[in-house]
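Participant: From the sequence below, what's the structure:
(chains A and B)
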Number of protein chains: 2
Amino acid sequence: MQQHDVRFMPDNLTVRVPEDTTVLNAASQAGIQIKSGCGGKGSCGACQVVIISGDVQVEGTGKLTHDKIEAGVRLACKTKVKGNVTVEVPPESRLQEHQVLMGSVQGLLSEKEINLLHKYGLKPLARKILLTLPEPTLTENGADWAKLYIELKKHLNLEEGIIDVSLSVLRDLPEVLRAGNWQLTVTIAELPERFEVIKVEPGESSAPTYGLAIDIGTTTVVVYLVNLATGELIDKQGTYNKQARYGDDVISRIVFSTDEPGNLKEIQMSVVNTVNELVDKICLKHKVEWADIAGAVAAGNTTMTQLFLGVSPKYLRLEPYIPTMSYVPPVKAGEIDLHMNPLGPVLMFPSVASYVGGDIVSGVLVTDMANNDELVLFIDIGTNGEIVLGNRDWLVACACSAGPCFEGGGISFGMRAMPGAIERVDIDPESFDVTLKVVGGGKPVGICGSGLVDVLAKLREAGIIDRAGNFQKDVNSFRIRETEEDKEFVLAWSHQADGDKDIVITENDVKNLIRAKGAIYAGIRSLLRMVSLEVEMIDKIIIAGGFGNYLNVPDSVQIGLLPDLPTERFEFIGNSSVKGAHLALLSQQARVEAVDLGKKMTYLELSAGNDFMDEFVSALFLPHTDLSLFPSVEG
Amino acid sequence: MQQHDVRFMPDNLTVRVPEDTTVLNAASQAGIQIKSGCGGKGSCGACQVVIISGDVQVEGTGKLTHDKIEAGVRLACKTKVKGNVTVEVPPESRLQEHQVLMGSVQGLLSEKEINLLHKYGLKPLARKILLTLPEPTLTENGADWAKLYIELKKHLNLEEGIIDVSLSVLRDLPEVLRAGNWQLTVTIAELPERFEVIKVEPGESSAPTYGLAIDIGTTTVVVYLVNLATGELIDKQGTYNKQARYGDDVISRIVFSTDEPGNLKEIQMSVVNTVNELVDKICLKHKVEWADIAGAVAAGNTTMTQLFLGVSPKYLRLEPYIPTMSYVPPVKAGEIDLHMNPLGPVLMFPSVASYVGGDIVSGVLVTDMANNDELVLFIDIGTNGEIVLGNRDWLVACACSAGPCFEGGGISFGMRAMPGAIERVDIDPESFDVTLKVVGGGKPVGICGSGLVDVLAKLREAGIIDRAGNFQKDVNSFRIRETEEDKEFVLAWSHQADGDKDIVITENDVKNLIRAKGAIYAGIRSLLRMVSLEVEMIDKIIIAGGFGNYLNVPDSVQIGLLPDLPTERFEFIGNSSVKGAHLALLSQQARVEAVDLGKKMTYLELSAGNDFMDEFVSALFLPHTDLSLFPSVEG
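Facilitator: The predicted model follows:
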């Protein structure tokens, strides 16, 4: 049977499927979960997608309106692939909530991740081993643990090497052995330099061994529950980091944690509880016992990592910005009260520096950029902006204090990418009419990061602002007005909005956005300068983070946030932090690689030299003072 | 200068000293602490010893009575060595309390132990390392732990290998480094397969690193506090094991521990608290902080070991008598609430089998019998009787259920060797007059083990009992009388005793003692049979334990408790269990050897064959049914 490529946008994920596969099934294979209330009968109308290009056979359009059909909207369950196809899956049709990016897999890994896993080999952090010990007699009277140790060594093919066992397992062992008539199931964790016995059960255990992959973001936390024997993703849950009550950014959390004794423990427990509630939700739903969750891999920025473990982040914000640890020794779950087997190891991705943390190392692991010849630029835009540049030979990284603009902070109507957020903006250059796309489809409440990028690009395109971000007085539109404090452009009138105010973007907002995009671009330029390379030499730009998933590339180039390169060089990978944790949970080799990556990455402290400040100042224009860097924009 | 051998009895310890050394100093060199109230001026009369043989020069006799001088008593401080001398040091002249044997060292190891330590090399369980880390800058911005790890690896000369660090140390590290201006003192423990960071202190720490050597006996517990840097024994304390309230022997404690849920924890904490009170006493006296005690080595029988760790000993008393573990993985002190640094490792000597435990392995380590060609028989008579036979090529071990007779259990007037206990008995074969020697010199309260051995020998010698232990009707003495239940011999009349009863030994007591000594002798014979050797082939018999320290060898042979060999082949080493723990605390090589010894010893389960029962029945006579085994007794 003929095979065709189906490319899903804006994820930019491609899967190869046989002819006549439905778009719904192809999406599932790509790890994209499309809503499907009626189970593929074409009656509920939930699985709307836009066929951008390619041959498909439409077998029904259900209740789709004529307008929608004309706009290219189809039902994924009733559309079959007949050639290479590009499909856009709008956020409304996706199963997961928009606001928390949890990676693009549900039940299955993406093709790319499966390839990585094949490369690294499936060797999960913990596994179960069924063993039968010789029954003791008066003459063969070796101790219980001595016999188990011998069998384990045989099974693990260990000549030398360490098998650790805790007192609590030793306390269980005698009864377990006798209850199982000398057959037992041992749950064993494989750490870099040792094995650890996590649990013993009589006879052959029927419970699977589970693991947690955790992304601890400053703003959001995501937890995957994974069956470690099969690699299957059982469920994932995401929510806001409860630490947000102590401040939106890491600096305010660091300040809080060091303010008074007791604060560190309090802020630690707030993030641990965030994770625990997600774990509990999943465990309840899938009837999983904590004791069967035998290991966890977590990734977070350096501040999040230290706070998660209750290690003070005080010196992360004091010059010269030193983390307590880069490689993080394995911790037992019980030490931080995580809801899983208390003996199970919790591995944290290593940090590179105070502002390039384990989440970035995890992302780099998923991009596989450290194993290829291609020069890759990896950008993770979350509450901060971290950038990594390199290939198999070298990796350099930096962090730009882009600030929380792209997550809505410091912007009059800024908000996170959640229902009610304006995520796409169009401004007619003639009439200055505004077209908005709102997350969830309802009335707008504010503007999220991708919307802000659009606004900036469109304001400039329409000539409403100049290259420095100043509002132009000669533009004739009732949408432009001057208040006592500022100038502003009205995106939505109060009667159109979900509130009693007009939704506006002010000149001050624009200046903030320009500083933020300027910081990121200057970071990119500083890294390039450090290694004496030019923008054009970048083979691929991989964008991760809550911001990046729905970012409009041409608009981003237009404002000078991203380098001016052909669109096909850009790739979005969503929440790469949790994806890397997932990979490391399943592969010992990936865990080793993660530690190596942490060491391999050279950190460039942007505040240490003057290059960055020069680059930053140059980048405070739309798109840049040096227009030769943005030929497509000028053209 | 000429050197002479000074042999101390009953310890049977010999030291070589220059001519003119005082007996007091020679004793101190031998690790025997003689009371010396006046500091060697000859005025207090506390340091009385008996010169048994050899040339001495007496420079004063102070207040010694004429009778005493005639009996050979001298003041150790005023007696100088002029040739090879044998000296008896009576218990009254010894510094430590008699009732708890704490090894014969105070402040110094004995010569033999020093030799062993030289052989194994001083490499204590924990030590302090002073390090200076490079101060970080914006460009040299490695993490605190990463830098410390690198320096530690350099210092420890580690290529590969593991340095573990706990979260709590990581939590302390940043402030410690900055408070000490990048100089810090690291307390590090050396475990068989890894190093562990126990503590970090700013700058150069003035506090020494201490360790605990612990003997967990069924009846008594002894704790040494040792300066790990110098090897110096700071103090030692001993007391009764609080577990005694749950029963005198291990069996009743095992029964209690498995009776009801909660009992195991209760009985565990009772022994932990016993140790903790001793530690606290020492710490208070010497102003030592728990946090500065960085490691511990403990030895106990298998039941004591498992109870100390809260591991149920249930299967130790159920056929086929299986311990939960022989090699005991290191435990952190905090896991069992021991009063020391909670991160410090607690190492337990490995067990060989259910009834040959870590205390015996520790004893064998101290005897060094596994490294010599001599055939050595090691007997530890405590609440039970364990026997090890062997040399550098092989070791066999067994346990005889001798019962608590020799610790006073099951005997009408039996008691432990404490003040008021009759420890020596003489019975005039003509008049049947009784001469007693009482611990502490006061009125007698009861009879301890060594006294009981004497009683048995002297009753037989005087013809009061026959070879089967039956009282002889034709003996004409008012000391022999018949009660309703039993026959008895009066050792002390009520008016001579510290109580209102006559102190007697009954025929039933005698039978119990014969069973006890028979069990031990049968154990010795069974081991010899196992390896097809004869009693005469034994080069040395080393006797350890609370019983053994003041045992009368000829009387022990007389009753058939010990093999009939020349007296010079017998050696007493006191509490070898705590001595081995002390050695292991100071030497990594000794710790490795201890683990090897645990594996090297072949356990003979006496209940598994018929040999032992035959041997036991044959040994139920004084000295034995086979008189050819005891030529000196018959002669």
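Participant: Number of residues surrounding A:Pro134?
Facilitator: For A:Pro134, the count of nearby residues is 11 (other Cβ atoms under 10 Å in any protein chain shown). C-beta: built from backbone N, CA, C; applies to glycine.
Participant: do the same with A:Asn512
Facilitator: The number of residues packed near A:Asn512 is 21, by other Cβ under 10 Å.
Participant: thought it was touching A:Ile411?
Facilitator: Yes: the criterion here is Cβ atoms under 8 Å, and A:Asn512 meets it with A:Ile411 at 6.3 Å.
Participant: Next, show the common contact partners of the two.
Facilitator: Here A:Asn512 and A:Ile411 share the contacting residues A:Cys405, scored by Cβ atoms under 8 Å, 6 or more residues apart in numbering or on different chains.
Participant: any idea which element A:Leu117 lies in?
Facilitator: A:Leu117 belongs to helix A:111-120 when elements are defined using DSSP states H and E.
Participant: A:Ile514 - nearest residue in space that isn't next to it in sequence?
Facilitator: With Cβ to Cβ, 6 or more residues apart in numbering or on different chains as the measure, A:Gly469 is the residue that lies nearest to A:Ile514, at 4.8 Å, once sequence neighbours are left out.
Participant: which residues touch the residue in the stretch 401-550 of chain A that chain B sits nearest to?
Facilitator: Nearest to chain B, among the residues of the stretch 401-550 of chain A, is A:Met530, at 12.2 Å (Cβ to the nearest Cβ). Residues near A:Met530 by Cβ under 8 Å, 6+ apart: A:Val396, A:Leu604.
Participant: for it, phi and psi?
Facilitator: A:Met530 has phi and psi values of phi -50, psi -40 when expressed as degrees, to the nearest 10.
Participant: any idea how far it is from A:Thr367?
Facilitator: The span separating A:Met530 from A:Thr367 equals 19 Å under the rule Cβ to Cβ, to the nearest Å.
Participant: next one: A:Leu347
Facilitator: Taking Cβ to Cβ as the criterion, A:Leu347 is separated from A:Thr367 by 20 Å.
Participant: for the stretch 251-400 of chain A, what spans make up the helices?
Facilitator: In order along the chain, the stretch 251-400 of chain A carries the following helices (DSSP state H, counting those that start in this stretch): A:263-286, A:302-308, A:358-367.
Participant: near chain B, anything from stretch A:377-390?
Facilitator: No: Stretch A:377-390 is not in contact with chain B by Cβ under 8 Å from any Cβ of the partner chain; minimum separation 15.6 Å.
Participant: Count the residues that sit near A:Ala402.
Facilitator: When counting by other Cβ under 10 Å, one arrives at 26 neighbours for A:Ala402.
Participant: show me the contacts for the nearest residue to it once chain neighbours are set aside.
Facilitator: Spatially, and ignoring its direct neighbours in sequence, A:Ala402 is nearest to A:Gly385 (3.8 Å; Cβ to Cβ, 6+ apart). By Cβ under 8 Å, 6+ apart, the contact list for A:Gly385 reads A:Ile379, A:Ala399, A:Cys400, A:Ser401, A:Ala402, A:Phe406, A:Ala516, A:Ala519, A:Ile520, A:Gly523.
Participant: Out of these, name the ones that lie in strands.
Facilitator: When the contacts of A:Gly385 are checked against strands (DSSP state E), the matches are A:Ile379, A:Ala399, A:Cys400.
Participant: what's around the residue nearest to the second one when sequence neighbours are not counted, how many residues?
Facilitator: Nearest in space to A:Ala399, with sequence neighbours left out and distances taken as Cβ to Cβ, 6+ apart, is A:Tyr355 at 3.4 Å. Neighbours of A:Tyr355 under the rule other Cβ under 10 Å: 27.
Participant: Equivalent analysis for A:Asp67, please.
Facilitator: Applying other Cβ under 10 Å, we find 8 other residues in the vicinity of A:Asp67.
Participant: quick one, phi/psi of it?
Facilitator: Its backbone dihedrals place A:Asp67 at phi -60, psi -50, with angles given as degrees, to the nearest 10.
Participant: And A:Gln243, by the same measure?
Facilitator: Dihedral angles of A:Gln243 (phi, psi; degrees, to the nearest 10) stand at phi -60, psi -20.
Participant: go on, the one 5 residues further on?
Facilitator: The phi and psi torsions at A:Asp248 (degrees, to the nearest 10) take the values phi -80, psi -30.
Participant: Quick check: it vs B:Val578, distance?
Facilitator: 60 Å.
Participant: between the two, which one's more packed in?
Facilitator: Neighbour count, other Cβ under 10 Å: between A:Asp248 and B:Val578, B:Val578 has more, with 31 against 19.
Participant: Neighbouring strands of the helix or strand that comes right after the helix holding A:Leu117 in the sheet, and parallel or not?
Facilitator: Where DSSP H and E defines the elements, the next helix or strand beyond helix A:111-120 is strand A:126-132. Paired with strand A:126-132 in the same sheet, following DSSP bridges, are strand A:183-191 (antiparallel).
Participant: Return the alpha-carbon coordinates of the partner strand using PDB.
Facilitator: What follows is strand A:183-191, C-alpha atoms only, in PDB (Å, rounded to 0.1, in the frame of the first residue of the first chain):
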ATOM      1  CA  GLN A 183       9.800 -16.800  44.600                       C
ATOM      2  CA  LEU A 184       9.800 -13.100  44.600                       C
ATOM      3  CA  THR A 185       9.600 -10.000  42.500                       C
ATOM      4  CA  VAL A 186      12.300  -7.400  43.100                       C
ATOM      5  CA  THR A 187      11.900  -3.800  41.900                       C
ATOM      6  CA  ILE A 188      15.300  -2.500  41.200                       C
ATOM      7  CA  ALA A 189      16.400   0.900  40.200                       C
ATOM      8  CA  GLU A 190      19.500   1.400  38.000                       C
ATOM      9  CA  LEU A 191      21.400   4.500  38.900                       C
END
